[in-house]
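Enquirer: based on what follows, work out the 3D shape:
(one chain, ligands or ions: 1)
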Amino acid sequence: MKYTCWGAAKQVTGSMHLLKLENGYTILIDCGIDYEDKSNKEINSNFPFDPKTVNVLILTHAHIDHSGNIPNLVKQGFKGEIICTEPTAFLLEKLWADSVNIQNNATNRKKSVRLYGFHEVKKAVDQLLTIGYHKDFELSNGVSFSFYEAGHIIGAASVRLVIEENGKQKVIGFTGDIGNPGSKLIVDSKPMPGLHALITETTYGNRKHKETRSPEEVLIEQVTATCVKQDGRLIIPAFSVGRTQAVLFTLKKLFNEGKLPPIRVFADSPLALASSNIHNKFSHYLNDEAQLYKKEEGSLFDFKSLHIVEDKDDVEDMELYREACIIVSSAGMLEGGRIQQHIGDHVQNPMCSIMIAGFCSPGTLGAQLLEGKSIIRIKGHDKYVYAKIGQTDVFSAHPDIVGLTDYFVKSDNSELQKVFFVHGEEAAMYDLKETLDPEFQGKVIIPSRGEEWTL
Ligand SMILES: [Zn+2]
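Expert: Here you go, the predicted structure:
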């Protein structure tokens, strides 16, 4: 069989992996939006293969850089099943609809190409098929797979494929995005056994998480410094799915336990409510702490001072609110979404703190703030940066170099022949490779986009 990395090759976004068996059966793993390859404007519009020739799509998780181009694949003729876990399927409906709205807005401003509309989203939703973790699913004669907990966001899965070809059995594993062990709400990742080839993410391949404090300690410190002592506002950019819930869950616990005064919290993300409801609905997919809390409290995220911003009136209420507050708003890298308004309005306010809690790809607004730029351009205006810029990796949804190495060590590598590094910056991949033991290192391949490998 042949493996080709068609996305997230030597970069983080645009995950798309093609596996073509000798008998022609074709499996696509993930089909995400590429936010980085700006040299190729058509990269998301046109596929480098014929979508009609793909038999099945297996999706690791709902994040848009893994799932966001699926309705376009359907638009261009893909008719097979889209297989994912149940929480992923529920999240997809919301995320794809949101993606259409973003595309429509951007197209109106003539800033980008419209990839698909609500019609294609509906068709893609009709093609969804859900299965749970550790259930063997037969795709075709001699081809089966199962999902393993990836520990990244709710419902995220690694994919373990078992393929028989020419009388030989090969086991291929795709990690998808794996999580940071011990994350809020999310179960830890489980490595896949008996692999011959592993395709693994390497997002933080050359970084070590610096935060030694717990999420509770970080939020107490940030909220006290900004909201209690300065009467200012704390802005936390966060993706609607995952980090927003980790932050809200931690805040709820701190308020309930009386460790923070009941400061108003605005969750300003079009998907925050839907995504939080899906976490409550599928709380049995979450870790023990979350399941116990759900049992005792009935809900993981509701608290008295929480204001979910849903309509224009809510936005107005939030804008008129002058007291100390916390704003959790999407998106995480500060590229697009409602967070831009908050940054634009408050980056010149010295009483404001912006706490960046996740990975920011180079060139994004988040990365510019972290680099310490004194002037940023936002929504067509230059703004001085007077707000305090903070960073924490305590809510990180990816393992660092130690976590990744641990994942490899805990895996059963006795049959492993090839390890492909994807979903990371090239420098991070080489740094990670250097730290691995020589035997594992010898198996590592860093594929370029479109390179074909025999497995
Ligand atoms: Zn992800």
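Enquirer: please make it C-alpha for all contacts and neighbour counts, starting now.
Expert: Noted.
Enquirer: how about the contacts made by the closest residue to T212 other than its chain neighbours?
Expert: The spatial neighbour of T212 that comes closest, neighbours along the chain excluded (Cα to Cα, 6 or more residues apart in numbering), is V394 at 8.0 Å. Neighbouring residues of V394 by Cα atoms under 8 Å, 6 or more residues apart in numbering: 209, 211-215, 218, 357.
Enquirer: just G205 next, same as before
Expert: Going by Cα under 8 Å, 6+ apart, G205 touches 400-401, 404, 424, 428-429, 431-432.
Enquirer: can you confirm it is in a strand?
Expert: No - G205 is assigned coil when assessed by DSSP: H, G, I helix; E, B strand; the rest coil, not a strand.
Enquirer: below-threshold pLDDT in this structure: ranges please.
Expert: Low-confidence segments of the chain, defined by pLDDT under 70: 107-112.
Enquirer: let me see the domain layout of it.
Expert: Taking automatic domain parsing as the reference, the chain has its domains at 2-207+397-454, 215-391.
Enquirer: how much space between the residue nearest to T212 and A290?
Expert: V394 is 17 Å from A290, where distance means Cα to Cα, to the nearest Å.
Enquirer: please enumerate the strands of the stretch 351-455 of the chain.
Expert: Taking DSSP state E, counting those that start in this stretch to define them, one finds strands in the stretch 351-455 of the chain at 353-356, 375-378, 381-384, 388-391, 418-422, 444-445, 452-454.
Enquirer: quick one: which of those strands is nearest W96?
Expert: Comparing these against W96 with Cα to Cα, the closest turns out to be strand 418-422 (24.2 Å).
Enquirer: what segments of this structure are helices?
Expert: Using DSSP state H, the helices of the chain run over residues 64-67, 70-75, 86-108, 118-126, 215-223, 243-256, 272-281, 288-297, 312-320, 339-346, 365-370, 401-410, 426-435, 438-441.
Enquirer: need those in JSON lines (columns: mean neighbour count).
Expert: Below are the helices of the chain laid out as JSON lines (neighbours: other Cα atoms under 10 Å):
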{"stretch": "helix 64-67", "mean neighbour count": "23"}
{"stretch": "helix 70-75", "mean neighbour count": "23"}
{"stretch": "helix 86-108", "mean neighbour count": "19"}
{"stretch": "helix 118-126", "mean neighbour count": "17"}
{"stretch": "helix 215-223", "mean neighbour count": "17"}
{"stretch": "helix 243-256", "mean neighbour count": "21"}
{"stretch": "helix 272-281", "mean neighbour count": "20"}
{"stretch": "helix 288-297", "mean neighbour count": "15"}
{"stretch": "helix 312-320", "mean neighbour count": "12"}
{"stretch": "helix 339-346", "mean neighbour count": "19"}
{"stretch": "helix 365-370", "mean neighbour count": "19"}
{"stretch": "helix 401-410", "mean neighbour count": "17"}
{"stretch": "helix 426-435", "mean neighbour count": "18"}
{"stretch": "helix 438-441", "mean neighbour count": "12"}
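Enquirer: turn those into JSON lines, including distance to E149.
Expert: Formatted as JSON lines, the helices of the chain follow (distance: least, Cα to Cα, whole Å):
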{"stretch": "helix 64-67", "distance to E149": "16"}
{"stretch": "helix 70-75", "distance to E149": "22"}
{"stretch": "helix 86-108", "distance to E149": "12"}
{"stretch": "helix 118-126", "distance to E149": "23"}
{"stretch": "helix 215-223", "distance to E149": "22"}
{"stretch": "helix 243-256", "distance to E149": "18"}
{"stretch": "helix 272-281", "distance to E149": "16"}
{"stretch": "helix 288-297", "distance to E149": "14"}
{"stretch": "helix 312-320", "distance to E149": "37"}
{"stretch": "helix 339-346", "distance to E149": "30"}
{"stretch": "helix 365-370", "distance to E149": "29"}
{"stretch": "helix 401-410", "distance to E149": "13"}
{"stretch": "helix 426-435", "distance to E149": "23"}
{"stretch": "helix 438-441", "distance to E149": "23"}
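Enquirer: sorry, back to before: how close does the residue nearest to T212 get to L198?
Expert: The span separating V394 from L198 equals 27 Å under the rule Cα to Cα.
Enquirer: what of V74?
Expert: Between V74 and L198 the distance, using Cα to Cα, works out to 28 Å.
Enquirer: longest strand anywhere in this structure?
Expert: Secondary structure of the chain read by DSSP state E shows that its longest strand is strand 157-165.
Enquirer: may I have it exported as PDB, CA atoms only?
Expert: Written as PDB, here are the backbone C-alpha positions of strand 157-165 (Å, rounded to 0.1, in the frame of the first residue of the first chain):
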ATOM      1  CA  ALA A 157      -9.400   9.500  18.400                       C
ATOM      2  CA  SER A 158      -6.200   7.800  17.100                       C
ATOM      3  CA  VAL A 159      -6.800   5.400  14.300                       C
ATOM      4  CA  ARG A 160      -5.400   1.900  14.200                       C
ATOM      5  CA  LEU A 161      -5.800   0.200  10.800                       C
ATOM      6  CA  VAL A 162      -5.300  -3.500  10.300                       C
ATOM      7  CA  ILE A 163      -4.800  -4.300   6.600                       C
ATOM      8  CA  GLU A 164      -4.100  -7.600   4.900                       C
ATOM      9  CA  GLU A 165      -2.300  -7.500   1.600                       C
END
